[in-house]
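> okay, predicted coordinates and the sequence, questions at the end:
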Amino acid sequence: MILDTGRDNLRLKDRLERLVREKRISHAYIFEGPSDIDKEAFARGFIKGVLCPKGLGENCGQCSICSKIDHGNHEDITYFRKDGLSIKDASVLALQEKIKVKPVGDRNVMVISDCDTLTAKAQNSLLKTLEEPPGDALIILLSENMENLAPTILSRCVKFRIDAQTESLEDEKAGKMIEMSISGCRFHELVHEAGDYLRDRTKAWMLLDSMERVYRDMAIDGSDARRYRFEDICRYVNSIEEARIRLKQKMSAEYAMKELLLEMTE
Ligand SMILES: [Zn+2]
């Protein structure tokens, strides 16, 4: 298990675990989340999943590597935090020197906390590293609001949003159904999974909202894009809107939803 966040961020956790297990680890990530979330702890969970020798995605939490990561003294991991009000160019230059050094273990990991405070000059320097990241280096940016970063930086990172709120049952259900749809399940399987959500209009509304969130997140982060086509996501979001219209027209939840489920299994 990569992240031990209880019920929080279940879906995010699943997605990260899958990326790591399937060896689809990118060079650069942004984790965005509000100030009251310990984003460094979140990053440590992810790094353990990548570096733990028990296997990709394991994060055993007991081996010497996991323990070093927990205690912040792993040789290959460097944290950069703001100095005063900002992270200045000098810090990024230090990162560039450090990242060139051959790691003791599998890869160098650079974690930039407070990356919202990178000065314009520092962002420019960082961009050069993101354009040509050396070797197996892993760069993790932690942000409260990724809009503070230049679009050129954003476009080179895989982006994830860490939500403070516990996922609702609808979010879990939507995540599961969409996963089934991507894996090519049959219509009747999706209908079965939807269960009560096809019988109750209020529940149907909530499920539609959750589904839209899941699809939008997928479109934004793009890290999983090999498993689905962007055009399909747009089509599903449209179908969700059409299902809402059917609900507004007082059609039964079952009728309003089934057309969407049919589309999701085509
Ligand atoms: Zn371990």
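Yep, it's here. Here the structure is a predicted model, which means the values were calculated and not measured.
> same for the lowest-mean-pLDDT helix or strand in the chain, what does it pack against?
Within the chain, confidence by mean pLDDT, DSSP states H and E is lowest for helix 10-21 among all helices and strands, at a mean of 73. Judged by 3 or more Cβ pairs under 8 Å, 6 or more residues apart in numbering; DSSP states H and E, helix 10-21 is in contact with helix 39-51, strand 158-161, helix 169-182. C-beta coordinates here come from the backbone N, C-alpha and C atoms, glycine included.
> and stretch 188-198, how far out from the chain middle?
Chain-centre distance of stretch 188-198: 27 Å, with Cα atoms, centre = their mean, to the nearest Å.
> now the helices for the protein?
If DSSP state H is used as the criterion, the helices of the chain fall at 10-21, 39-51, 64-71, 89-100, 120-131, 151-154, 169-182, 187-194, 201-221, 230-248, 253-264.
> F80 is nearest to which of those?
With respect to F80, and counting by Cβ to Cβ, the nearest of the helices of the chain is helix 89-100 at 5.1 Å.
> for the closest residue in space to L130 that isn't next to it in sequence, give its distance to V111.
In space, L130 comes closest to R156 once its chain neighbours are excluded; the distance is 4.2 Å by Cβ to Cβ, 6 or more residues apart in numbering. For R156, the distance to V111 under the criterion Cβ to Cβ, to the nearest Å works out to 17 Å.
> with A122 instead?
Look at A122 and V111: by Cβ to Cβ, they are 15 Å apart.
> what's the answer for F230, then?
30 Å.
> rewinding a little: compare the helices of the chain and give me the one nearest the ion.
Proximity of those to the ion was assessed by Cβ to the ion; the nearest stretch is helix 64-71, lying at 3.3 Å.
> next, the buried residues of that closest one.
Of the residues in helix 64-71, those buried under the neighbour-count criterion (16 or more other Cβ atoms under 10 Å) are 65-66, 68-69.
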